[in-house]
Each structure stands twice: as C-alpha cells, then as structure tokens.
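**Student:** This is the structure alone, sequence omitted:
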C-alpha cells in the first residue's frame, strides 16, 4: 500500500456530502485514480483512527475518483468531519 496521505487527495464538502455525514455516517473523499477499495479503507483507518464498514467508489466526468466511506456505527462521521474542518 502507498502512503495513506497520497491515496486521499482531499475531502468533499457539498450540501449532498454534509447530508450523508449526518444521515448515513458517511464521508466523501477524492482519491487517487489507482487506489483500490482496500487501499482507501486502510488509508482512512490509519489517518483518522476509525473503523470503516464499507467503501463505494465512482469515477466522475472530470476524471476524478470519488470514494464514499461508511464508518462503523461506533464511530461518528460528524466528529471526523469536524476535525477536517468540514462542519
């Protein structure tokens, strides 16, 4: 696995992503195009000290890879988002 900081490029803060943080305990990141779901899961767990339940990815029309990272119920996405400055 590559360096976790090189896998996750940035977090997204839009109305939709903030809604996902509150309702689904999910964080959204723009990640490296070559990163796999497993790489993304490990990177989030190492960088933020949380456990990941699942990862969904998609490639946008702009050519960026977006990762939807759902955290396990015992962790709060809103706390991680606050640390990132999203909320």
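**Tutor:** Thanks, I have it. What you see is a predicted model; the values in this text were computed from it and never measured.
**Student:** Sketch out the low-pLDDT regions of this structure for me.
**Tutor:** 1 (pLDDT under 70).
**Student:** all strands of it, in order?
**Tutor:** 8-11, 26-31, 52-59, 65-71 (DSSP state E).
**Student:** Deepest-packed of those, please.
**Tutor:** Counting by mean count of other C-beta atoms under 10 Å, strand 26-31 has the highest mean neighbour count of the strands of the chain, with a mean of 22. (Glycine included, C-beta is placed from N, CA and C.)
**Student:** So which other helices or strands are in contact with it?
**Tutor:** strand 8-11, helix 15-24, helix 37-48, strand 65-71, helix 77-84 (3 or more C-beta pairs under 8 Å, 6 or more residues apart in numbering; DSSP states H and E).
**Student:** Make a markdown table from the ones you listed and add distance to residue 58 to it.
**Tutor:** Compiled in a markdown table, the helices and strands packed on strand 26-31 are given as follows (distance: least, C-beta to C-beta, whole Å):
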| stretch | distance to residue 58 |
| --- | --- |
| strand 8-11 | 15 |
| helix 15-24 | 13 |
| helix 37-48 | 12 |
| strand 65-71 | 5 |
| helix 77-84 | 19 |
